[in-house]
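**Student:** Build me a model:
(one chain, ligands or ions: 1)
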Amino acid sequence: MRCSAFVQLRPEGAPSFAPSISHHGGQATRARRNFDNPNCRGYTASPTDWSPIAHPRPRLTSSVSEVPPDQQGSLLKPRVLYVLGYGRSGSTMLGMALGQHSHIVNLGEISALRRFVPGPTYRAPRACGCLLQLDQCPYWTGVARRLGSLEKLARTGIAISPTMGWRRYAPWLPEPSDELPQWAEATAALYRATLDEANAALAVDTSKGAARGWWLWKSGAIDLHFIWLTRRLEDVLRSQIRHGQSAIKTALSWRLAQRQAAQITRQVENAGVRVPRISYERLTEDPRAVLSRILEHVELPWQEDVLTPRPDHVIGGDHAVKHGGRHVIEPSSGPRSPLPLRARLTLKLLDDSGPGEPISRSSIRDAGPGTPPPTL
Ligand SMILES: [Zn+2]
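**Tutor:** Model (predicted):
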(Lines give C-alpha, C1' and ligand atoms only; values in the text may rest on other atoms or scores of the structure.)
Protein backbone atom coordinates (compact mmCIF):
# COMPACT_ATOMS: atom_id res chain seq x y z
CA MET A 1 0.00 0.00 0.00
CA ARG A 2 1.59 3.22 -1.12
CA CYS A 3 0.55 6.81 -0.83
CA SER A 4 -0.66 8.35 -4.03
CA ALA A 5 0.18 11.94 -4.69
CA PHE A 6 -2.47 12.20 -7.31
CA VAL A 7 -5.84 10.80 -6.54
CA GLN A 8 -8.01 9.93 -3.63
CA LEU A 9 -10.72 7.47 -4.48
CA ARG A 10 -13.30 6.23 -2.11
CA PRO A 11 -13.64 2.48 -1.69
CA GLU A 12 -16.93 0.83 -2.32
CA GLY A 13 -19.44 1.67 0.37
CA ALA A 14 -17.50 4.64 1.74
CA PRO A 15 -19.19 8.02 2.16
CA SER A 16 -19.25 10.01 -1.05
CA PHE A 17 -17.30 13.00 0.25
CA ALA A 18 -14.25 12.39 -1.94
CA PRO A 19 -13.83 15.58 -3.94
CA SER A 20 -11.91 14.27 -6.92
CA ILE A 21 -12.04 11.01 -8.75
CA SER A 22 -9.69 10.22 -11.57
CA HIS A 23 -9.04 7.00 -13.39
CA HIS A 24 -5.60 6.65 -14.88
CA GLY A 25 -4.80 3.00 -15.20
CA GLY A 26 -2.80 1.71 -12.29
CA GLN A 27 -3.06 4.92 -10.34
CA ALA A 28 -6.75 4.34 -9.71
CA THR A 29 -6.00 0.98 -8.12
CA ARG A 30 -3.12 2.41 -6.12
CA ALA A 31 -5.23 5.28 -4.87
CA ARG A 32 -8.02 2.98 -3.81
CA ARG A 33 -5.56 0.99 -1.72
CA ASN A 34 -4.32 4.22 -0.19
CA PHE A 35 -7.65 4.77 1.46
CA ASP A 36 -6.61 2.32 4.15
CA ASN A 37 -3.43 4.21 4.92
CA PRO A 38 -4.15 6.80 7.64
CA ASN A 39 -1.28 8.95 6.42
CA CYS A 40 -2.61 9.23 2.89
CA ARG A 41 -6.19 10.33 3.34
CA GLY A 42 -7.34 13.57 1.95
CA TYR A 43 -4.72 14.40 -0.64
CA THR A 44 -6.36 15.13 -3.93
CA ALA A 45 -5.20 16.38 -7.27
CA SER A 46 -5.45 15.41 -10.88
CA PRO A 47 -2.66 13.09 -12.08
CA THR A 48 -1.66 15.59 -14.68
CA ASP A 49 -2.24 18.72 -12.67
CA TRP A 50 0.87 19.79 -10.76
CA SER A 51 -0.50 23.14 -9.75
CA PRO A 52 -0.07 23.79 -6.05
CA ILE A 53 -2.82 22.57 -3.82
CA ALA A 54 -4.84 24.89 -1.64
CA HIS A 55 -4.34 23.84 1.96
CA PRO A 56 -7.16 24.73 4.30
CA ARG A 57 -6.69 24.59 8.05
CA PRO A 58 -5.80 21.19 9.44
CA ARG A 59 -8.37 18.89 10.85
CA LEU A 60 -7.25 15.86 12.75
CA THR A 61 -10.47 13.93 12.72
CA SER A 62 -10.19 10.23 12.11
CA SER A 63 -13.79 9.70 11.13
CA VAL A 64 -14.43 10.76 7.56
CA SER A 65 -18.17 10.32 7.99
CA GLU A 66 -18.19 13.26 10.42
CA VAL A 67 -17.20 15.65 7.68
CA PRO A 68 -20.03 17.22 5.71
CA PRO A 69 -19.46 17.59 1.96
CA ASP A 70 -19.02 21.36 2.17
CA GLN A 71 -16.05 20.87 4.51
CA GLN A 72 -14.41 18.05 2.60
CA GLY A 73 -11.32 20.18 1.90
CA SER A 74 -10.54 20.18 5.62
CA LEU A 75 -9.33 16.60 5.25
CA LEU A 76 -6.31 17.69 3.28
CA LYS A 77 -3.02 16.97 4.98
CA PRO A 78 0.37 18.54 4.33
CA ARG A 79 2.53 16.22 2.26
CA VAL A 80 6.00 15.58 3.68
CA LEU A 81 9.04 13.48 2.75
CA TYR A 82 10.87 12.65 5.97
CA VAL A 83 14.54 11.69 5.71
CA LEU A 84 15.55 9.11 8.33
CA GLY A 85 19.19 8.63 9.23
CA TYR A 86 22.12 10.12 11.12
CA GLY A 87 23.96 13.44 10.91
CA ARG A 88 26.89 13.85 8.47
CA SER A 89 25.20 11.47 6.07
CA GLY A 90 24.64 13.87 3.20
CA SER A 91 21.11 14.96 4.07
CA THR A 92 22.00 18.65 3.63
CA MET A 93 23.02 18.09 0.03
CA LEU A 94 20.15 15.70 -0.68
CA GLY A 95 17.59 18.20 0.67
CA MET A 96 19.16 21.05 -1.30
CA ALA A 97 18.94 18.98 -4.48
CA LEU A 98 15.31 17.92 -3.99
CA GLY A 99 14.42 21.51 -3.07
CA GLN A 100 15.21 22.61 -6.63
CA HIS A 101 12.18 20.72 -7.88
CA SER A 102 9.42 23.19 -8.66
CA HIS A 103 6.90 21.27 -6.53
CA ILE A 104 9.17 20.70 -3.52
CA VAL A 105 10.27 22.98 -0.71
CA ASN A 106 13.31 21.88 1.30
CA LEU A 107 12.87 22.78 4.96
CA GLY A 108 16.06 21.15 6.21
CA GLU A 109 16.28 20.30 9.91
CA ILE A 110 12.97 21.89 10.77
CA SER A 111 12.95 20.31 14.24
CA ALA A 112 15.63 22.88 15.17
CA LEU A 113 13.59 25.85 13.93
CA ARG A 114 13.12 27.53 17.29
CA ARG A 115 16.87 27.96 17.67
CA PHE A 116 16.86 29.99 14.44
CA VAL A 117 14.08 32.42 15.36
CA PRO A 118 15.38 35.68 16.87
CA GLY A 119 14.20 35.94 20.47
CA PRO A 120 14.64 33.97 23.69
CA THR A 121 15.07 30.63 21.93
CA TYR A 122 17.67 31.88 19.41
CA ARG A 123 21.16 30.36 19.43
CA ALA A 124 23.82 32.41 17.62
CA PRO A 125 24.99 32.42 14.90
CA ARG A 126 22.14 30.56 13.25
CA ALA A 127 20.67 31.99 10.07
CA CYS A 128 18.54 30.91 7.16
CA GLY A 129 20.09 29.15 4.17
CA CYS A 130 19.85 32.51 2.35
CA LEU A 131 22.27 33.84 5.06
CA LEU A 132 19.70 36.32 6.42
CA GLN A 133 18.35 36.19 9.94
CA LEU A 134 14.92 34.62 9.97
CA ASP A 135 13.21 37.93 10.78
CA GLN A 136 14.82 39.40 7.64
CA CYS A 137 14.27 36.42 5.35
CA PRO A 138 11.38 36.91 2.94
CA TYR A 139 10.44 33.22 3.03
CA TRP A 140 10.36 32.66 6.79
CA THR A 141 8.70 36.02 7.52
CA GLY A 142 6.04 34.91 5.03
CA VAL A 143 5.65 31.59 6.87
CA ALA A 144 5.44 33.46 10.18
CA ARG A 145 2.76 35.75 8.75
CA ARG A 146 0.70 32.72 7.80
CA LEU A 147 1.04 31.34 11.33
CA GLY A 148 0.28 34.69 12.97
CA SER A 149 3.66 36.07 14.05
CA LEU A 150 7.38 35.39 14.25
CA GLU A 151 6.91 34.62 17.92
CA LYS A 152 4.37 32.01 16.93
CA LEU A 153 6.99 30.49 14.64
CA ALA A 154 9.30 30.03 17.64
CA ARG A 155 6.45 28.70 19.76
CA THR A 156 5.57 26.28 17.01
CA GLY A 157 9.18 25.21 17.14
CA ILE A 158 8.78 24.33 20.79
CA ALA A 159 5.63 22.41 20.02
CA ILE A 160 7.35 20.30 17.40
CA SER A 161 10.31 19.48 19.64
CA PRO A 162 8.70 17.96 22.71
CA THR A 163 10.96 17.33 25.65
CA MET A 164 11.78 13.68 25.47
CA GLY A 165 14.31 13.46 28.29
CA TRP A 166 15.97 10.09 28.61
CA ARG A 167 13.68 8.63 25.95
CA ARG A 168 15.81 10.31 23.31
CA TYR A 169 18.60 7.83 24.09
CA ALA A 170 16.48 4.72 24.43
CA PRO A 171 17.25 1.91 21.98
CA TRP A 172 13.57 1.69 21.10
CA LEU A 173 11.09 4.13 19.61
CA PRO A 174 9.40 6.27 22.26
CA GLU A 175 5.65 5.91 22.16
CA PRO A 176 3.75 9.16 21.76
CA SER A 177 2.39 10.68 24.94
CA ASP A 178 -0.71 12.77 25.56
CA GLU A 179 1.15 15.61 23.86
CA LEU A 180 0.65 14.00 20.47
CA PRO A 181 -2.60 15.69 19.28
CA GLN A 182 -1.41 19.23 20.10
CA TRP A 183 2.08 18.49 18.77
CA ALA A 184 0.66 17.07 15.57
CA GLU A 185 -1.72 19.99 15.05
CA ALA A 186 1.09 22.53 15.47
CA THR A 187 3.39 20.50 13.24
CA ALA A 188 0.79 20.14 10.50
CA ALA A 189 0.07 23.88 10.65
CA LEU A 190 3.77 24.67 10.28
CA TYR A 191 4.24 22.27 7.36
CA ARG A 192 1.14 23.69 5.71
CA ALA A 193 2.36 27.28 6.10
CA THR A 194 5.76 26.36 4.61
CA LEU A 195 4.08 24.64 1.65
CA ASP A 196 1.69 27.52 1.03
CA GLU A 197 4.43 30.13 1.25
CA ALA A 198 6.59 28.20 -1.23
CA ASN A 199 3.65 27.33 -3.46
CA ALA A 200 4.85 23.73 -3.22
CA ALA A 201 3.15 20.34 -3.00
CA LEU A 202 5.76 18.46 -0.95
CA ALA A 203 7.99 19.53 1.96
CA VAL A 204 11.31 17.76 2.62
CA ASP A 205 12.15 17.42 6.32
CA THR A 206 15.75 16.32 6.92
CA SER A 207 15.49 16.29 10.74
CA LYS A 208 16.43 12.58 10.52
CA GLY A 209 15.54 11.62 14.11
CA ALA A 210 13.57 8.37 14.18
CA ALA A 211 11.51 9.51 17.19
CA ARG A 212 10.21 12.55 15.31
CA GLY A 213 9.44 10.40 12.29
CA TRP A 214 7.67 7.90 14.50
CA TRP A 215 5.49 10.54 16.14
CA LEU A 216 4.63 12.07 12.77
CA TRP A 217 3.65 8.63 11.56
CA LYS A 218 1.58 7.81 14.63
CA SER A 219 -0.23 11.15 14.52
CA GLY A 220 -1.89 10.41 11.18
CA ALA A 221 -1.93 14.20 10.66
CA ILE A 222 0.60 14.25 7.82
CA ASP A 223 0.60 12.69 4.35
CA LEU A 224 3.94 11.15 5.21
CA HIS A 225 6.60 9.48 3.09
CA PHE A 226 9.99 8.20 4.25
CA ILE A 227 13.40 7.50 2.85
CA TRP A 228 16.29 6.10 4.91
CA LEU A 229 19.58 7.78 4.09
CA THR A 230 22.75 5.92 5.08
CA ARG A 231 26.47 6.57 4.82
CA ARG A 232 29.48 4.40 5.68
CA LEU A 233 30.38 4.79 9.35
CA GLU A 234 34.01 5.41 8.44
CA ASP A 235 33.10 8.58 6.55
CA VAL A 236 30.60 9.69 9.19
CA LEU A 237 33.39 9.33 11.77
CA ARG A 238 35.84 11.26 9.62
CA SER A 239 33.36 14.11 9.24
CA GLN A 240 32.43 14.20 12.92
CA ILE A 241 36.06 14.17 14.04
CA ARG A 242 36.71 17.10 11.71
CA HIS A 243 33.93 18.92 13.57
CA GLY A 244 35.53 18.15 16.94
CA GLN A 245 33.26 15.26 17.94
CA SER A 246 34.32 12.11 19.77
CA ALA A 247 34.74 8.98 17.67
CA ILE A 248 33.30 6.59 20.25
CA LYS A 249 30.26 8.77 20.98
CA THR A 250 29.64 9.19 17.28
CA ALA A 251 29.86 5.47 16.59
CA LEU A 252 27.55 4.58 19.48
CA SER A 253 24.91 7.15 18.55
CA TRP A 254 25.23 6.13 14.88
CA ARG A 255 24.44 2.56 15.81
CA LEU A 256 21.51 3.68 17.93
CA ALA A 257 20.22 5.78 15.04
CA GLN A 258 20.54 2.79 12.67
CA ARG A 259 18.62 0.63 15.10
CA GLN A 260 15.83 3.16 15.55
CA ALA A 261 15.61 3.80 11.80
CA ALA A 262 15.35 0.04 11.25
CA GLN A 263 12.52 -0.17 13.78
CA ILE A 264 10.47 2.62 12.25
CA THR A 265 11.13 1.20 8.79
CA ARG A 266 9.83 -2.17 9.88
CA GLN A 267 6.70 -0.61 11.39
CA VAL A 268 5.98 1.55 8.35
CA GLU A 269 6.64 -1.26 5.88
CA ASN A 270 4.44 -3.60 7.90
CA ALA A 271 1.67 -1.08 7.20
CA GLY A 272 2.37 -1.52 3.50
CA VAL A 273 4.31 1.70 2.89
CA ARG A 274 7.74 1.30 1.34
CA VAL A 275 10.79 3.07 2.81
CA PRO A 276 13.56 3.21 0.17
CA ARG A 277 17.12 2.92 1.46
CA ILE A 278 19.28 5.60 -0.05
CA SER A 279 23.04 5.24 0.09
CA TYR A 280 25.03 8.48 0.19
CA GLU A 281 27.85 6.82 -1.73
CA ARG A 282 25.49 5.79 -4.51
CA LEU A 283 23.90 9.26 -4.52
CA THR A 284 27.26 10.90 -5.18
CA GLU A 285 28.24 8.30 -7.80
CA ASP A 286 25.01 8.47 -9.78
CA PRO A 287 22.88 11.40 -8.59
CA ARG A 288 20.58 11.23 -11.60
CA ALA A 289 19.55 7.63 -10.90
CA VAL A 290 19.13 8.09 -7.16
CA LEU A 291 17.25 11.40 -7.31
CA SER A 292 15.07 10.01 -10.05
CA ARG A 293 14.21 7.05 -7.81
CA ILE A 294 13.33 9.34 -4.90
CA LEU A 295 11.11 11.51 -7.11
CA GLU A 296 9.44 8.36 -8.35
CA HIS A 297 8.85 7.32 -4.74
CA VAL A 298 7.00 10.58 -4.02
CA GLU A 299 5.36 10.44 -7.44
CA LEU A 300 6.78 13.63 -8.86
CA PRO A 301 8.13 13.97 -12.39
CA TRP A 302 11.85 14.26 -13.10
CA GLN A 303 13.30 17.78 -13.38
CA GLU A 304 16.92 18.51 -14.32
CA ASP A 305 17.14 21.30 -11.74
CA VAL A 306 17.53 18.76 -8.93
CA LEU A 307 21.07 18.06 -10.15
CA THR A 308 22.08 21.58 -9.04
CA PRO A 309 21.66 21.74 -5.24
CA ARG A 310 21.21 25.17 -3.65
CA PRO A 311 20.53 26.16 -0.05
CA ASP A 312 17.50 28.42 -0.63
CA HIS A 313 15.87 28.96 2.79
CA VAL A 314 16.95 25.73 4.47
CA ILE A 315 17.15 25.40 8.26
CA GLY A 316 20.33 23.85 9.65
CA GLY A 317 22.73 21.58 7.80
CA ASP A 318 26.44 21.77 7.17
CA HIS A 319 27.57 25.35 6.47
CA ALA A 320 30.36 24.26 4.12
CA VAL A 321 27.96 22.12 2.10
CA LYS A 322 25.46 24.98 1.87
CA HIS A 323 27.87 27.80 1.12
CA GLY A 324 31.00 26.10 -0.16
CA GLY A 325 30.16 27.07 -3.73
CA ARG A 326 29.67 23.48 -4.95
CA HIS A 327 26.52 23.19 -7.03
CA VAL A 328 27.01 19.64 -8.20
CA ILE A 329 26.64 16.28 -6.49
CA GLU A 330 29.81 14.24 -6.84
CA PRO A 331 32.09 12.03 -4.74
CA SER A 332 34.69 14.01 -2.83
CA SER A 333 37.81 14.17 -4.96
CA GLY A 334 40.42 15.06 -2.34
CA PRO A 335 42.57 12.48 -0.54
CA ARG A 336 40.93 10.98 2.54
CA SER A 337 42.60 11.97 5.76
CA PRO A 338 43.66 8.91 7.78
CA LEU A 339 41.55 8.20 10.84
CA PRO A 340 43.27 8.55 14.22
CA LEU A 341 44.11 5.27 15.96
CA ARG A 342 41.24 5.57 18.46
CA ALA A 343 38.75 6.12 15.63
CA ARG A 344 40.15 3.12 13.72
CA LEU A 345 39.70 0.94 16.80
CA THR A 346 36.18 2.29 17.29
CA LEU A 347 35.40 1.48 13.69
CA LYS A 348 36.72 -2.07 14.11
CA LEU A 349 34.58 -2.56 17.21
CA LEU A 350 31.34 -0.93 16.18
CA ASP A 351 31.06 -1.01 12.43
CA ASP A 352 29.52 -4.28 11.33
CA SER A 353 29.05 -3.23 7.74
CA GLY A 354 31.35 -4.66 5.16
CA PRO A 355 33.47 -2.59 2.79
CA GLY A 356 31.28 -0.60 0.50
CA GLU A 357 28.12 -1.58 2.35
CA PRO A 358 26.06 1.55 2.89
CA ILE A 359 24.21 0.15 5.87
CA SER A 360 24.93 -2.29 8.64
CA ARG A 361 23.79 -5.83 8.09
CA SER A 362 22.24 -5.98 11.55
CA SER A 363 20.10 -2.96 10.68
CA ILE A 364 18.82 -4.75 7.63
CA ARG A 365 18.04 -7.76 9.77
CA ASP A 366 16.31 -5.49 12.29
CA ALA A 367 14.11 -4.11 9.58
CA GLY A 368 12.41 -7.48 9.48
CA PRO A 369 12.30 -10.63 7.44
CA GLY A 370 12.09 -10.07 3.75
CA THR A 371 13.53 -6.59 3.99
CA PRO A 372 15.27 -5.89 0.72
CA PRO A 373 18.90 -4.85 0.78
CA PRO A 374 19.60 -1.23 -0.08
CA THR A 375 19.42 -0.76 -3.78
CA LEU A 376 20.30 2.91 -4.07
ZN1 LIG B 1 15.93 32.73 3.88
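
**Student:** how far away is Arg242 from the ion?
**Tutor:** Shown here: Arg242 relative to the ion, a distance of 27 Å by Cβ to the ion, to the nearest Å. Bear in mind the C-beta positions are built from the backbone N, C-alpha and C, glycine included.

**Student:** Let me see the backbone angles for that residue.
**Tutor:** phi -60, psi -30 (degrees, to the nearest 10).

**Student:** what about it, neighbour count?
**Tutor:** 11 (other Cβ atoms under 10 Å).

**Student:** With Leu233 instead?
**Tutor:** Neighbour tally, Leu233, other Cβ under 10 Å: 23.

**Student:** pretty sure it contacts Leu347?
**Tutor:** Yes - applying Cβ atoms under 8 Å as the test, Leu233 and Leu347 come out as touching, 6.3 Å apart.

**Student:** who touches both of the two?
**Tutor:** Each of Ala251 lies in contact with both Leu233 and Leu347 under the rule Cβ atoms under 8 Å, 6 or more residues apart in numbering.

**Student:** Surely Gly85 is in contact with Val236?
**Tutor:** No - assessed by Cβ under 8 Å, Gly85 is found out of contact with Val236, at 9.8 Å.

**Student:** Give me the residue ranges of the protein where confidence is low.
**Tutor:** For the chain, the stretches flagged by pLDDT under 70 are 1-75, 156-170, 352-376.

**Student:** got the domain boundaries for it?
**Tutor:** 1-49, 79-366 (automatic domain parsing).

**Student:** quick one, which of those is packed in tightest?
**Tutor:** When the domains of the chain are scored by mean count of other Cβ atoms under 10 Å, the highest mean neighbour count falls to domain 79-366 (a mean of 19).

**Student:** Would you map the strands across the chain?
**Tutor:** 79-84, 104-108, 202-208, 223-230, 277-279 (DSSP state E).

**Student:** List the neighbouring strands of the shortest one plus their orientation.
**Tutor:** Next to strand 277-279 in the sheet, as set by DSSP bridges, lie strand 223-230 (parallel).

**Student:** Name the residues of the chain found near the ion, please.
**Tutor:** Contacts of the chain with the ion, taken as Cβ under 5 Å from the ion, map to 128, 130, 137, 139, 313.

**Student:** give me that answer again for 8 Å
**Tutor:** 127-132, 134, 137-140, 312-313 (Cβ under 8 Å from the ion).

**Student:** Just the ones of these in helices?
**Tutor:** Using DSSP state H to define helices, the subset of the residues of the chain next to the ion located there is 138-140.

**Student:** Name all residues that make contact with the closest residue to the ion within the stretch 251-376 of the chain.
**Tutor:** With Cβ to the ion as the measure, His313 is the residue of the stretch 251-376 of the chain nearest to the ion, at 3.6 Å. Going by Cβ under 8 Å, 6+ apart, His313 touches 128-130, 137, 139-140.

**Student:** cutoff 10 Å now
**Tutor:** 99, 105-108, 128-130, 132, 134, 137-140, 142-143, 194, 197-198 (Cβ atoms under 10 Å, 6 or more residues apart in numbering).

**Student:** Next: Ala210.
**Tutor:** 82, 84-86, 172-174, 226, 228, 256-265.

**Student:** Among these, which ones are in helices?
**Tutor:** 256-265.

**Student:** For my notes, please list the residues you listed in JSON lines and give distance to Trp183 for each entry.
**Tutor:** Below are those laid out as JSON lines (distance: Cβ to Cβ, whole Å):
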{"residue": "Leu256", "distance to Trp183": "22"}
{"residue": "Ala257", "distance to Trp183": "21"}
{"residue": "Gln258", "distance to Trp183": "25"}
{"residue": "Arg259", "distance to Trp183": "24"}
{"residue": "Gln260", "distance to Trp183": "18"}
{"residue": "Ala261", "distance to Trp183": "21"}
{"residue": "Ala262", "distance to Trp183": "24"}
{"residue": "Gln263", "distance to Trp183": "20"}
{"residue": "Ile264", "distance to Trp183": "17"}
{"residue": "Thr265", "distance to Trp183": "22"}
